[in-house]
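In: Task: produce atomic coordinates for the following.
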Amino acid sequence: MDSEAQYQVEQEQAQLETYDGPIDPATEQAIQELTDAGSKAFVFQDYELAVEKFGLASEMLGQVYGEMSPKNADTLFLYGKALLEFAIQQSSVLGGVTEKKSEKELQAVVDAVTGGAPGSSSAPNSNRFVFEGDDDDEDEEEEEEEANAGEGNAAGFEGEEAPAQDDNDDFAVAWDVLDLARVLYHKIGTEEALLKLGDVHMALGDVSLESENFEQAVADFREALLVKESRLESDDRQLAEAHYKLALALEFSPTEADKASEHITKAIGVLKQRIERLNGLLGSGKGKARANDASESESQMAKELVELHEFVGEMEQKIQDLATNQANKPLEDQAQTALYSQMLNAQKAQIANDISSLIKPKTNKVAEVLASSSSSSSTTTTTITTIKETSTATEETTLKRKAEEVSEDTKSEEEADKKVKV
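Out: Have a look, this model is predicted:
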């Protein structure tokens, strides 16, 4: 084994080596401070700062425990989500569209982070989800501030071409980090870790959806749904989110687009179960203090009911839109087929013209040969006629000469006879 191969093997073994003992308190505190700072930046959508903090925390954890230590799973998940959101934010600056979190969602996450136990490294995640473009009127001031900030960020690209390749690299890095977190959660294997594994698959599906890798997005959302359905209540809003995002991926799938409506219908079913439960709690007076969440008051439940009804209405509209698209698809396919046929025929005609231009015409040569043959035949005939005429004249001359000779001989004989008689 050469030195380079040996070095690679040693590096792989070093990555697999993990440490599970105590660490220096100062190092542990520094890692926790980086994680807390990253979580705070994530909540306030400063994803670039969140990436920096989570990245440093992950690097320190890898140096202490080893890169494949299960202790790195939570921080890697946070790091991967920050990378994803930062990549989406960069796409928005370069002309894309990104989803803006509502103030309610931000507040819920802030409460989760600030109200959690000290040292908690749980992911800044909300059980509620919003549709793209759903913003309350009270968010107008915040939107204005973000628009101004966006103008400042976009100014850096003014006058130069946007680095589109960097966006793909950002999504690729997010995918790699999240995939490593997936491996570690699977390695841990506890119920809590497996539930987080479902969240990791959701994030991986988001990466593929943003990268327009719809087949991979379908696979990850299905895996997330499988994990969540076996561990969550049937009316948990996380199930509705998983069904809805799976439907979004299926809508653009080249082979399974007809299954999108099915999952939106299931998402509506989950939300309606949630509505039914909340109505029951409010009607029975049990909404003041629930055993599983004492902080959820009647007013909060009433607000959630309004929100859920809005979601159901929008999902029902989405089903109608999908049905319309499916109905129009045959016409679109026919139009595309006709266009393709027209382009193919034009291409064939062009190829035929190109080939005909390469073939040299033989008609003129044939005509020349025929003309030459005709001319030669005419010349030959003339020559033969001339020879015949010459031959005839020669024969006539010869005959005349013989007749003259015969006449002369006759005269000589007569003269000789006369002399004899005398």
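In: For burial, what's the neighbour tally of residue 196?
Out: Residue 196 has 23 neighbours, counted by other Cβ atoms under 10 Å. (Each C-beta comes from the backbone N, C-alpha and C, glycine too.)
In: Compute the distance between residue 246 and residue 237, please.
Out: Computed with Cβ to Cβ, to the nearest Å, the distance linking residue 246 and residue 237 is 15 Å.
In: So for those two, which residue has more residues nearby?
Out: Higher neighbour count among residue 246 and residue 237: residue 246, with 27 against 21, using other Cβ under 10 Å.
In: so the more buried one makes contact with residue 221?
Out: Yes: if you go by Cβ atoms under 8 Å, residue 246 and residue 221 touch, sitting 3.9 Å apart.
In: For the two, list the residues in contact with both.
Out: Shared contacts of residue 246 and residue 221 (Cβ atoms under 8 Å, 6 or more residues apart in numbering): residue 205.
In: OK, contacts around residue 50?
Out: Residue 50 makes contacts with 38-39, 41-42, 78, 82, 85-86, as judged by Cβ under 8 Å, 6+ apart.
In: Looking at those, which one is closest to residue 215?
Out: Residue 215 lies nearest to residue 85 out of the contacts of residue 50, by Cβ to Cβ, at 23.2 Å.
In: what about residue 193, distance to residue 38?
Out: Taking Cβ to Cβ, one finds residue 193 at 21 Å from residue 38.
In: Could I get the full set of helices for this protein?
Out: Taking DSSP state H as the criterion, the chain contains helices spanning 3-16, 25-43, 47-65, 73-93, 103-114, 140-154, 164-188, 191-210, 214-229, 237-251, 260-284, 298-358, 363-421.
In: got any ranges where the stretch 101-250 of the chain has weak pLDDT?
Out: Residue ranges of the stretch 101-250 of the chain with pLDDT under 70: 101-168.
In: how does it look with 90?
Out: For the stretch 101-250 of the chain, applying pLDDT under 90 flags the ranges 101-170.
In: Counting neighbours, what do you get for the nearest residue to residue 64 once chain neighbours are set aside?
Out: Sequence neighbours aside, residue 23 is the residue nearest to residue 64 in space, at 5.2 Å (criterion: Cβ to Cβ, 6 or more residues apart in numbering). Around residue 23 there are 14 other residues, counting by other Cβ under 10 Å.
In: I'd like the numbering to begin with 3 instead of 1 from here.
Out: Renumbered: residue one is now 3, and that last one reads residue 25.
In: so what's the backbone phi/psi at residue 25?
Out: phi -120, psi 170 (degrees, to the nearest 10).
In: measure it to residue 41 for me?
Out: Using Cβ to Cβ, one obtains 21 Å as the distance from residue 25 to residue 41.
In: Settle it for me: which of residue 195 and residue 40 has more neighbours?
Out: Taking residue 195 and residue 40 together and counting by other Cβ under 10 Å, residue 40 has the greater number of neighbours (28 against 17).
In: what's the pLDDT at that one?
Out: Note on residue 40: pLDDT of 96.
In: Residue 52 too?
Out: 96.
In: cool, and residue 66?
Out: pLDDT, residue 66: 91.
In: Likewise for the one 10 residues further on?
Out: Taken from the predicted model, the pLDDT recorded for residue 76 is 96.
In: Tell me how many other residues crowd it.
Out: Neighbours of residue 76 using other Cβ under 10 Å come to 22.
In: And residue 191, by the same measure?
Out: 10.
In: Distance of it relative to residue 222?
Out: Applying Cβ to Cβ to residue 191 and residue 222 gives a distance of 19 Å.
In: which other residues reach stretch 208-224?
Out: Identification of contacts with stretch 208-224 by Cβ under 8 Å, 6+ apart yields 86, 89-90, 93, 170, 173, 176-177, 180, 203-204, 206-207, 244, 247-248, 250-252, 254-256, 258.
In: residues contacting residue 190?
Out: Residues near residue 190 by Cβ under 8 Å, 6+ apart: 72, 75.
In: can you tell me how far it sits from residue 81?
Out: Relative to residue 81, residue 190 is positioned 17 Å away (Cβ to Cβ).
In: likewise residue 323?
Out: Separation of residue 323 from residue 81 (Cβ to Cβ): 36 Å.
In: what about the two, which has more around it?
Out: Neighbour tally, residue 323 and residue 81, criterion other Cβ under 10 Å: the higher count belongs to residue 81, 28 against 13.
In: any idea how far the residue nearest to the more buried one when sequence neighbours are not counted lies from residue 328?
Out: Excluding its sequence neighbours, the residue lying closest to residue 81 (Cβ to Cβ, 6+ apart) is residue 56, at 3.8 Å. Distance check for residue 56 against residue 328: by Cβ to Cβ, it reads 42 Å.
In: So for these two, which residue has more residues nearby?
Out: residue 56 (27 against 13).
In: contacting residues for that one?
Out: Going by Cβ under 8 Å, 6+ apart, residue 56 touches 36-37, 40, 77, 80-81, 84.
In: Save those residues as TSV, and put in distance to residue 309 too.
Out: Formatted as TSV, those follow (distance: Cβ to Cβ, whole Å):
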residue	distance to residue 309
36	34
37	31
40	29
77	32
80	27
81	30
84	26
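In: Mind picking the one among those residues that's closest to residue 278?
Out: Distances from residue 278 to those, taken by Cβ to Cβ, are shortest for residue 80, at 34.8 Å.
In: ok, residue 347 - how many residues close by?
Out: Other residues within reach of residue 347, judged by other Cβ under 10 Å, total 10.
In: pLDDT score for it?
Out: Looking at residue 347, its pLDDT is 73.
In: Look up how far residue 217 lies from it.
Out: For residue 347 relative to residue 217 (Cβ to Cβ), the value is 33 Å.
In: mind listing what's buried in stretch 35-49?
Out: For stretch 35-49, burial by neighbour count (16 or more other Cβ atoms under 10 Å) applies to 36-45, 47-49.
In: now, which of the residues you listed sits nearest residue 282?
Out: The closest of these to residue 282 turns out to be residue 45 (Cβ to Cβ; 32.7 Å).
In: roughly how far apart are the closest one and residue 223?
Out: As judged by Cβ to Cβ, residue 45 and residue 223 stand 25 Å apart.
In: Over to residue 194?
Out: According to Cβ to Cβ, residue 194 and residue 223 sit 21 Å apart.
In: Please say which of the two ends up with more neighbours.
Out: Higher neighbour count among residue 194 and residue 223: residue 223, with 28 against 11, using other Cβ under 10 Å.
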